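Engineer: Model the structure of this input:
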Amino acid sequence: MIKKQFVKSRNATKVTFELDNGVSADAVHLIADFNNWQPAAFEQQKNGKWKLVQELEPGQNYEFRYVLEQNGSYEFINDPEADYTVPNDQGTENGVIQA
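Structural biologist: Residues are numbered from 1 along each chain as shown. I've put the predicted structure just below:
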């Protein structure tokens, strides 16, 4: 799930990325062009969901993916609620969010 909220006082869009508690992973990270493709860790909530909040510059489009880590293996996935997807240089697709 992706939630967007404009924060007028900071001229920013607060974006909440959330994955269902059914996601089987030891850790979840967000990689994106807005963070130089460096992993940003999700926190696992008491209800089992994975959550990460980021502030983005409004009016921009940002590419991103999720990285699920389990037993030393990594799986790259897209959020089905991304605004759209674009091809990447790995032969797959990145999700895009419009802030």
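Engineer: Would you map the strands across the chain?
Structural biologist: Secondary structure of the chain (DSSP state E): strands at 2-7, 12-19, 27-32, 40-41, 43-44, 50-56, 61-70, 73-77, 84-87, 93-98.
Engineer: got those as TSV, with mean pLDDT and mean neighbour count columns?
Structural biologist: Backbone N, C-alpha and C define where each C-beta goes, glycine included. Shown next, in TSV, are the strands of the chain (pLDDT from 0 to 100; neighbours: other CB atoms under 10 Å):
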stretch	mean pLDDT	mean neighbour count
strand 2-7	95	12
strand 12-19	96	18
strand 27-32	98	20
strand 40-41	98	14
strand 43-44	95	14
strand 50-56	97	17
strand 61-70	97	18
strand 73-77	96	12
strand 84-87	97	12
strand 93-98	97	19
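Engineer: Show me what the closest residue to P39 other than its chain neighbours bridges to in the sheet.
Structural biologist: Beyond its immediate neighbours in the sequence, the residue positioned closest to P39 (CB to CB, 6 or more residues apart in numbering) is H29, lying 3.7 Å away. Partner residues in beta bridges with H29: A41, V67, with DSSP bridges as the criterion.
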